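*Asks:* okay, predicted coordinates and the sequence, questions at the end:
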Amino acid sequence: MKSSSKLTAILAVAASLTSLAGVQASVAQENPIDKLTPVTNEMLLNPPDSDWLMWRRTYDGWGYSPLDQINKTNVKDLKLVWAWGMSPGGRTQETPLVHDGIMFLQNSTTLIQALDAATGDLIWEYKYDLPEGVNPGGERSKAIFGDKLIIATRDAQLIALEAKTGKLVWKNSVANSKFGFSFSSGPIVANGVVVQGTTGCGGGQPGGCFYTGHDVDTGKELWRVHTIARGDTPEGKSWNGVPVESRYGGSAWITGAYDPEQNLIFAGVGQPYPWNMEIAGLLPKSSDPNVTNDALYTNSTLAIDPNTGELKWYHQYLPTDSLDLDYVYERMLIDLPVNGEVRKTVVTTGKLGIIEALDRTTGEWLWAKETVPQNVVASIDQKTGAKTINQDTIPKIGETTFNCPADPGGRAWQATAYSPRTKALYLPTVEFCSNTTVQPLDPGEIYTGGGRQTYARVPTPDSDGNIGQVRAVNLDDQSDMWMYRQHPPVTSSTLPTGGGLVFVGSLDRKFMAFDDETGEKLWESGKLSNSLESFPITYSVGGKQYVAITANWASGLGRLQSLTPEIKLPKDNPATLYVFALPD
Amino acid sequence: MLAVVAFPHLAVLLMALGLAVPVAALLPAPVAAQQEPEFFDQPYAPGEWNIGRRMDEAQLRYCVDHRDPDWEVAAAIADAVAQGLLLEPRRYVVESDFVLEDITKIYQIMLEHCDMHMGFKLIPEGYSDWITVTRAYYEAEYAFVTADPDIHALADLAPSRPIGATMGTSAHIRLVSYLTALPVAKRWPTYPYGSSDLALQSLLNGTVDVAVVWAPSLWAKQREDPAYANLHVIDSNPLPPTTMGVGALMLGDETFLRNAVGEAITALIEDGTIQSILEEYEFPATVKP
């Protein structure tokens, strides 16, 4: 009996061990990372509906998802299914990527994580240590291609990780952060080339910023396009006679779009620096007839061949910008009817809130549509797009001038989005103005501040108190479809979906869903941990659709907090990823 | 050196200081200056919630930055201030090689290392609420500098010849404002440079004929690099000189310490201590009672 019961016990233990091993094997088999497939060029050209593979989901920059499980009828039932606390410190404007049920997340501390996108379980993480003196800060985007996740860092490094394991594959130093160079957005992979824009080209290093192209397998730099024109060309002579070593600005801080048909990247460039044109040497205008003071290529779209770095064409929206009115944001590639024929356009909206369309094959300017109240542009030439500037708004030394919008813009870096369902552009906008004063801001020899102008932000003269809006504009005929207005600034990007919804977040910690045709608010989350200033995405795993957004005060339109002092945000600025879905 | 008897009214302040510092340390962190968190005004320090309160209230912790041209002079003045307050000076030298920093970076340095950071110009309305500046311990000028021995005043410079200026300084703004009022034919082209170093380099390489730089920066360059030895300062005529007071930065809620340091600086000026330090270093600055 004894030996028999011993045997029974041994067998039982063995059986349970076998069973445990079986469970472990089963768990190991169910690890979703095992099913991760390489991201092919074809996938980037035509992403699976379930995935979110790049910053604005598709090369055309629409920020639209065809997923329709969550729709106008059932969105009222949307519930939080999981959340993930992100690293404290720094600010994040995160766009998670999702592929094959795996979510890739970049924390502001450059902690990169792979999560099970259905459950929120951590699979792997990789920490890139920023050098001393570089403050943490999130990147708006990242790229995935082949078996690699490609990450930009605040100290101007590009790194590639193995997507399945998080192991470092390569690292490439693009610029020296000690001179101020930095990345605040990540790359796009176009035709096998990693294309990255640089920011931080203020007073530390003259000559402006640049876009660079890199070998996707090694990170090796293939080409560099300077965002400040140089040389003995009309463009190079557009800086009022100021030499290259005295030209500043032209940050390239937002990821571009890609047209595979033409093999062209369309990318934006920010404003010159310092903002005040007298201090920048761009005013008073030189009497030399051979020079202009347009300050190219600031506030322009650049059309760049991703394989060679050749600049095919450019269009400048706002020359001689003295109000920090970037035209750097997302570019959307949309085929639109113009004067009775379908044109291949590239659409963008600058801080002025003016939507503008170019022919993306030639750079020809096509049309403009104003949205938010603005007093900077007095008129627009309907043939060329050239703008006549209201001279009263140009900041002058010794005066305080009044301009609308103020420096954060009628729209900021929060992206607009386009839905092919409705032919509408959905814009997160704000309405406000500024009393602007030129000021010396050289408190120390090393420590400086801003762009030598201070902006006291005030409501628009006829404000109804509703600073924030979501606007829907039909791009086929540029007609207004609807507008939602509220007092708190609307502070996240918009996310239109195949379910007929537009998701967006606001400074007062609410995530909302609107009917994409009427603007009726159909759903609102409870108050989340912090303001919503990031890029919401949607994806599906196992046939279930999820919507995700990061909460964090990221300084963009949050700067309008001075106009909304009643909105209180947590002091230590937590960052949290929230994921919503319908109940099973 | 200076004794507290040199300014007896400080004795009362000093007695209170022993109480005030620990009390101040218990107050909420100055991030609470969250009244109007504007873009460039929002201070931030990684992990600031983990930075504890200081333990030794018998010290005056001060920072100097080795990138500042006057850092050794400023350190000597800070030592004198500490001794005047009967506190032990504790120096922290910021050792960074970043070329420029946004002023919000100073927040982390001050939380971790110092009660006052030396070397900041007194600019009216030039600072956000989360920081404050003491009274000036010296005044210095922006210098008009040239390598051309025939130029003795800005007025000697031919109108077509370019000027390089440290970008956005009070002197640069004054120069630009003056030029805007001139007829086009009489204007000097003026090029901005991100730092006094870059402006001086442009003078050496012949890009500009005159540079407008912070006089202490020229002083430091000429001490360390013989290539700058032949540069000379010219009269700013037709412009008036641009003079700036320089003081120490403190966090906005350090009002008591700021007053105490201010009184100490006044006493050190009155008894000649600061003048002696400036003379010891042959530093291009003056003191103003």
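*Replies:* Right, received. Where do you want to start?
*Asks:* next up, the contacts around B:Glu88.
*Replies:* With contact set as CB atoms under 8 Å, 6 or more residues apart in numbering or on different chains, B:Glu88 has these partners: B:58-60, B:82. Bear in mind the C-beta positions are built from the backbone N, C-alpha and C, glycine included.
*Asks:* in the sheet, who's paired with it?
*Replies:* Note on B:Glu88: beta-bridge partners by DSSP bridges are B:Gln59.
*Asks:* wait, a helix at A:Ala252?
*Replies:* No: per DSSP: H, G, I helix; E, B strand; the rest coil, A:Ala252 lies outside any helix segment and is coil.
*Asks:* so how far is chain B from it?
*Replies:* 19 Å (CB to the nearest CB, to the nearest Å).
*Asks:* per-residue pLDDT, A:Lys72?
*Replies:* pLDDT for A:Lys72: 98.
*Asks:* now the residue lying farthest from the centre of chain B: closest residue in space that isn't a chain neighbour?
*Replies:* Most distant residue from the mean C-alpha position of chain B: B:Ala185, 36.2 Å away (CA atoms, centre = their mean). Spatially, and ignoring its direct neighbours in sequence, B:Ala185 is nearest to B:Pro159 (6.5 Å; CB to CB, 6 or more residues apart in numbering or on different chains).
*Asks:* what is the end-to-end distance of stretch A:388-403?
*Replies:* With CA to CA, to the nearest Å as the measure, stretch A:388-403 spans 15 Å from end to end.
*Asks:* right, I mislabeled it, should have said stretch B:144-164
*Replies:* Using CA to CA, the two ends of stretch B:144-164 sit 10 Å apart.
*Asks:* ok so, going back, surely the residue farthest from the centre of chain B is in a helix?
*Replies:* Yes: counting by three-state DSSP, B:Ala185 is part of a helix.
*Asks:* count the neighbours of residue 271 for me.
*Replies:* This is for chain A. Neighbourhood size, A:Gln271 [other CB atoms under 10 Å in any protein chain shown]: 27.
*Asks:* chain B is the one I meant
*Replies:* 16.
*Asks:* what do you get for A:Asn74?
*Replies:* Around A:Asn74 there are 14 residues (other CB under 10 Å).
*Asks:* A:Ala581 is in contact with that one, correct?
*Replies:* No: here A:Asn74 lies out of contact with A:Ala581, judged by CB atoms under 8 Å, at a distance of 10.8 Å.
*Asks:* contact residues of the stretch 1-150 of chain A facing chain B?
*Replies:* Counting by CB under 8 Å from any CB of the partner chain, the stretch 1-150 of chain A comes close to chain B at A:88-91, A:133, A:135-136.
*Asks:* sorry, back to before: list the contacts for the residue nearest to B:Ala185?
*Replies:* Shown in contact with B:Pro159 (CB under 8 Å, 6+ apart): B:185-188.
*Asks:* ok, 10 Å please
*Replies:* With contact set as CB atoms under 10 Å, 6 or more residues apart in numbering or on different chains, B:Pro159 has these partners: B:179, B:182-189.
*Asks:* likewise for A:Ser251?
*Replies:* Contacts of A:Ser251 by CB under 10 Å, 6+ apart are A:180-182, A:184, A:197-202, A:208-210, A:227, A:268-273, A:298, A:326, A:328.
*Asks:* try 6 Å this time
*Replies:* By CB atoms under 6 Å, 6 or more residues apart in numbering or on different chains, the contact set of A:Ser251 is A:199, A:201, A:209, A:270.
*Asks:* just the buried ones from those?
*Replies:* A:199, A:201, A:209, A:270 (16 or more other CB atoms under 10 Å in any protein chain shown).
*Asks:* least confident of those?
*Replies:* A:Cys201 (87).
*Asks:* and that residue, how far from A:Gln69?
*Replies:* A:Cys201 sits at a distance of 44 Å from A:Gln69 (criterion: CB to CB, to the nearest Å).
*Asks:* reformat the buried ones among the contacts of A:Ser251 as JSON lines; add distance to A:Ser141 and secondary structure.
*Replies:* What follows is the buried ones among the contacts of A:Ser251, written out as JSON lines (distance: CB to CB, whole Å; DSSP: H, G, I helix; E, B strand; the rest coil):
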{"residue": "A:Thr199", "distance to A:Ser141": "13", "secondary structure": "strand"}
{"residue": "A:Cys201", "distance to A:Ser141": "19", "secondary structure": "coil"}
{"residue": "A:Cys209", "distance to A:Ser141": "17", "secondary structure": "coil"}
{"residue": "A:Gly270", "distance to A:Ser141": "16", "secondary structure": "coil"}
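*Asks:* between those residues, which is nearest chain B?
*Replies:* Comparing those against chain B with CB to the nearest CB places A:Cys201 closest, at 10.0 Å.
*Asks:* tell me the spatial nearest neighbour of the closest one, not counting adjacent residues.
*Replies:* Once flanking residues are discounted, A:Cys201 sits nearest to A:Cys209: 4.1 Å by CB to CB, 6+ apart.
*Asks:* residue of the stretch 201-350 of chain A closest to chain B, please.
*Replies:* For the stretch 201-350 of chain A, CB to the nearest CB, closest residue to chain B: A:Gly203, 3.2 Å.
*Asks:* per-residue pLDDT, that residue?
*Replies:* pLDDT, A:Gly203: 75.
*Asks:* now the strands for chain B?
*Replies:* Taking DSSP state E to define them, one finds strands in chain B at B:59-65, B:88-94, B:101-102, B:116-121, B:131-133, B:138-146, B:163-166, B:190-193, B:210-214, B:232-234, B:243-251.
*Asks:* could you dump the residues of the stretch 1-150 of chain A next to chain B into TSV with pLDDT, secondary structure and distance to A:Thr110 added?
*Replies:* As requested, those are arranged in TSV below (pLDDT from 0 to 100; DSSP: H, G, I helix; E, B strand; the rest coil; distance: CB to CB, whole Å):
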residue	pLDDT	secondary structure	distance to A:Thr110
A:Pro88	85	coil	14
A:Gly89	79	coil	11
A:Gly90	81	coil	9
A:Arg91	86	coil	13
A:Gly133	86	coil	14
A:Asn135	84	coil	11
A:Pro136	87	coil	7
